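A.B. asks: just coords:
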């Protein structure tokens with residue numbers, strides 16, 4: 001088991017992240033930290049831990065998270081790859097739960113864990129699976145023992161809800177190589193990790209297994225990409241559009257993907273209006289497919305273009 005951690009200007013968080021991994025009940029075979037061109041004291045913070053624990057450290061010019069993950073994975077030979085972002089933390093039983101998951105589902109290609117949020121901007125009661133649409137788990141999942149579940153049709157399920165965030169993900173190396181791995185072209189896209197997960201799910205025989213138990217913490221702070229929700233929503237639509245264009249989408253799911261892309265563009269427009277992102281609302285309206293250009297949305301776009309808040 002190898003852990004890959006991309007980091008950029010995370011001097012205030014990376015030490016806590018590394019300690020949470022080092023304090024696991026089961027020790028990983030290798031921890032690789034890829035410093036993606038940080039301009040703060042991130043390198044010093046890493047080396048303070050690196051010197052005592054044999055962490056493999058790589059420094060590279062800034063190319064984005066996806067490229068950093070790709071580089072880290074290329075340096076290890078483990079059968080299973082774990083991801084962790086440099087501002088998140090693992091609970092002490094994270095690796096133990098993954099080991100139990102593999103005992104129950106040895107055929108798993110891609111696994112992920114539930115999470116909670118912490119930090120100044122967090123909601124103490126947050127649980128990622130609580131965000132799933134009503135009935136999602138009942139319709140899309142088959143539950144085993146101890147809170148583990150298999151997703152019956154991963155690609156279709158992830159159109160509705162994506163429960164796989166990087167710091168909770170583990171995947172099989174062989175499957176990673178088969179699906180093409182992280183692609184640098186998406187490294188600076190908002191939601192580049194979601195692009196990776198959706199492409200993984202496009203493999204027709206890929207086995208996705210989740211854990212309902214929160215075994216990692218997602219740090220909410222002002223620099224999170226997801227802090228501006230309309231951009232996060234729009235990113236999903238852009239990724240779906242890209243996958244449709246490139247033929248990544250399984251043929252039987254093209255119709256459902258087109259429908260979700262269009263609905264998501266509408267949701268991004270509505271969210272931008274709610275966030276009063278007036279400078280972007282008019283442009284977002286132009287990206288809406290005809291069926292999404294309702295009279296109400298058209299009026300809001302005109303008001304935004306005139307500089308009127310609503």
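C.D. replies: All right, it came through fine. Predicted model only: the values in this text are computed from it and were never measured.

A.B. asks: Going by C-alpha atoms from here, please, whenever you check contacts or count neighbours.
C.D. replies: Fine.

A.B. asks: Residue 112 falls within a strand, correct?
C.D. replies: Yes: with DSSP: H, G, I helix; E, B strand; the rest coil as the criterion, residue 112 is assigned to a strand.

A.B. asks: With adjacent residues omitted, what lies nearest to it?
C.D. replies: residue 169 (4.3 Å; C-alpha to C-alpha, 6 or more residues apart in numbering).

A.B. asks: can I assume that neighbour is in contact with residue 109?
C.D. replies: No: with contact defined as C-alpha atoms under 8 Å, residue 169 does not count as touching residue 109 (10.7 Å).

A.B. asks: residues near the residue nearest to residue 112, how many?
C.D. replies: When counting by other C-alpha atoms under 10 Å, one arrives at 20 neighbours for residue 169.

A.B. asks: next one: residue 264
C.D. replies: When neighbours are defined as other C-alpha under 10 Å, residue 264 has 22 of them.

A.B. asks: wait, doesn't it sit right on residue 238?
C.D. replies: No: the criterion here is C-alpha under 8 Å, and residue 264 misses it with residue 238 at 9.3 Å.

A.B. asks: And residue 170, how close does it get to residue 54?
C.D. replies: Distance of residue 170 to residue 54, computed by C-alpha to C-alpha, to the nearest Å: 22 Å.

A.B. asks: Tell me which of these two has more neighbours.
C.D. replies: residue 170 (25 against 12).

A.B. asks: any idea of the pLDDT on that one?
C.D. replies: As predicted, residue 170 sits at a pLDDT of 98.

A.B. asks: wait, it sits on residue 78?
C.D. replies: No: the criterion here is C-alpha under 8 Å, and residue 170 misses it with residue 78 at 11.6 Å.

A.B. asks: Which residue ranges of the chain form helices?
C.D. replies: For the chain, helices defined by DSSP state H occupy the ranges 14-22, 42-53, 65-74, 94-104, 136-140, 154-160, 173-179, 192-201, 229-246, 254-274, 278-287, 295-305.

A.B. asks: so which of those helices gets nearest residue 34?
C.D. replies: Nearest to residue 34 among the helices of the chain is helix 65-74; the distance by C-alpha to C-alpha comes to 5.9 Å.

A.B. asks: what angle do that closest one and helix 192-201 make?
C.D. replies: On the basis of axes from the mean of the first three to the mean of the last three C-alpha atoms, to 10 degrees, helix 65-74 is oriented at 60 degrees to helix 192-201.

A.B. asks: Quick check: residue 4 vs residue 114, distance?
C.D. replies: Distance, residue 4 to residue 114, using C-alpha to C-alpha: 19 Å.

A.B. asks: per-residue pLDDT, residue 154?
C.D. replies: 97.

A.B. asks: Excluding covalently adjacent residues, which one is nearest to it?
C.D. replies: Distances taken as C-alpha to C-alpha, 6+ apart put residue 201 closest to residue 154, at 5.5 Å, once the chain neighbours are dropped.

A.B. asks: so that neighbour makes contact with residue 151?
C.D. replies: No: here residue 201 lies out of contact with residue 151, judged by C-alpha under 8 Å, at a distance of 10.2 Å.

A.B. asks: Name the residues that touch stretch 284-300?
C.D. replies: Stretch 284-300 has contacts (C-alpha atoms under 8 Å, 6 or more residues apart in numbering) with 262, 263, 265, 266, 268, 269, 270, 273, 281, 301, 310.

A.B. asks: now the chain, which segments are flagged as low pLDDT?
C.D. replies: The chain contains residues with pLDDT under 70 at 50-52, 222-227, 309-310.

A.B. asks: change it to 50
C.D. replies: Along the chain, segments meeting pLDDT under 50 span 225-226.

A.B. asks: OK, contacts around the residue nearest to the spatial centre of it?
C.D. replies: For the chain, the residue nearest the mean C-alpha position is residue 165 (3.5 Å; C-alpha atoms, centre = their mean). Listed by C-alpha under 8 Å, 6+ apart, the contact set of residue 165 reads 112, 193, 194.

A.B. asks: so which of these comes closest to residue 147?
C.D. replies: Taking C-alpha to C-alpha as the measure, residue 147 lies nearest residue 112 of the contacts of residue 165, at 12.2 Å.

A.B. asks: How about the contacts made by the residue nearest to residue 206 when sequence neighbours are not counted?
C.D. replies: Closest residue to residue 206 apart from its sequence neighbours, by C-alpha to C-alpha, 6+ apart: residue 109 at 6.0 Å. For residue 109, the contact set (C-alpha under 8 Å, 6+ apart) comprises 171, 172, 175, 206, 207, 208, 209.
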